[in-house]
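Participant: Sequence and predicted model, in that order:
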Amino acid sequence: MVMPIGPLMTEHRLIERMIALIKKELERIKKENRVNSDFIEAAVDFIRTYADKLHHGKEEDILFRDLKTKGLEEQHRKTMEELIEEHRWGRKTVKELVEANNKYKEGNEKKTEVITRCLQALADFYPKHIEKEDKHFFIPVMNYFKEEEQESMLEEEAEFDRNFIHEIYKRKINEIKISG
Ligand SMILES: [Fe+2]
Ligand SMILES: [Fe+2]
């Protein structure tokens, strides 16, 4: 039987590939002392859409939601709260990165420092966050669920994925402004 943490762990592997790219880009920035705003925008789109809305979305809206209905052991409850707080920290850091990148694009080269700091913080953060989930949380917390509960979570995750592209584009179309 595939457990509901299966798809989440698979998604971690793609997030790790993005982190590897960010680390390479950080080395390049250090050598050339120049930011590539297109790279930042692609990384931000990946983190916001894939890592946060899709991946953290499933963690928070399905797995954590269901865990909250169980009488969790203290250590699991504490870890879950840390994970939620870490997701919040990630959103805040990406916002700071976007703002700095926008200023950089307007010609403020001093923002290189903020951009580098945010990229480094994200590159340090994700592997630790993922390790906490993969190695210390996901597998033990599966014991709180019966097999039928796990199956219905897995189905709900698939449903989340099916709806995802539609949700993204509904949101995007609401943001389009006609100017001129
Ligand atoms: Fe997470
Ligand atoms: Fe995760």
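Facilitator: Cool, got the structure. Ligands and ions are numbered 1, 2, ... in the order given.

Participant: ok, and the closest non-adjacent residue to the spatially most central residue of the chain?
Facilitator: Nearest to the mean C-alpha position of the chain, by CA atoms, centre = their mean, lies Ala51 at 2.9 Å. Closest residue in space to Ala51, ignoring its immediate chain neighbours: Ile15 at 5.2 Å, by CB to CB, 6 or more residues apart in numbering. The C-beta positions use only the backbone N, C-alpha and C, and glycine is treated the same way.

Participant: which strands and helices sit next to the helix or strand harbouring that neighbour?
Facilitator: Per DSSP states H and E: Ile15 is located in helix 5-32. Helices and strands touching helix 5-32, by 3 or more CB pairs under 8 Å, 6 or more residues apart in numbering; DSSP states H and E, are helix 37-45, helix 112-136, helix 138-141, helix 147-175.

Participant: Who are the packing partners of the third one?
Facilitator: I take that to be helix 138-141. Helix 138-141 packs on helix 5-32, helix 74-105, going by 3+ CB pairs under 8 Å, 6+ apart.

Participant: Buried residues in that helix, which are they?
Facilitator: Neighbour counts over helix 138-141 (16 or more other CB atoms under 10 Å) mark 138, 141 as buried.

Participant: what's that helix in contact with?
Facilitator: Outside helix 138-141, the residues within contact range by CB atoms under 8 Å, 6 or more residues apart in numbering are 5, 8-9, 63, 67, 72, 76, 80.

Participant: export that helix as PDB, just CAs?
Facilitator: Extracted as PDB, the C-alpha positions of helix 138-141 are listed here (Å, rounded to 0.1, in the frame of the first residue of the first chain):
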ATOM      1  CA  PHE A 138       6.300  11.300   8.500                       C
ATOM      2  CA  ILE A 139       6.900   7.700   9.200                       C
ATOM      3  CA  PRO A 140       6.100   7.700  13.000                       C
ATOM      4  CA  VAL A 141       3.000   9.700  12.600                       C
END
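
Participant: So for that helix, mean pLDDT?
Facilitator: What helix 138-141 shows for mean pLDDT is 98.
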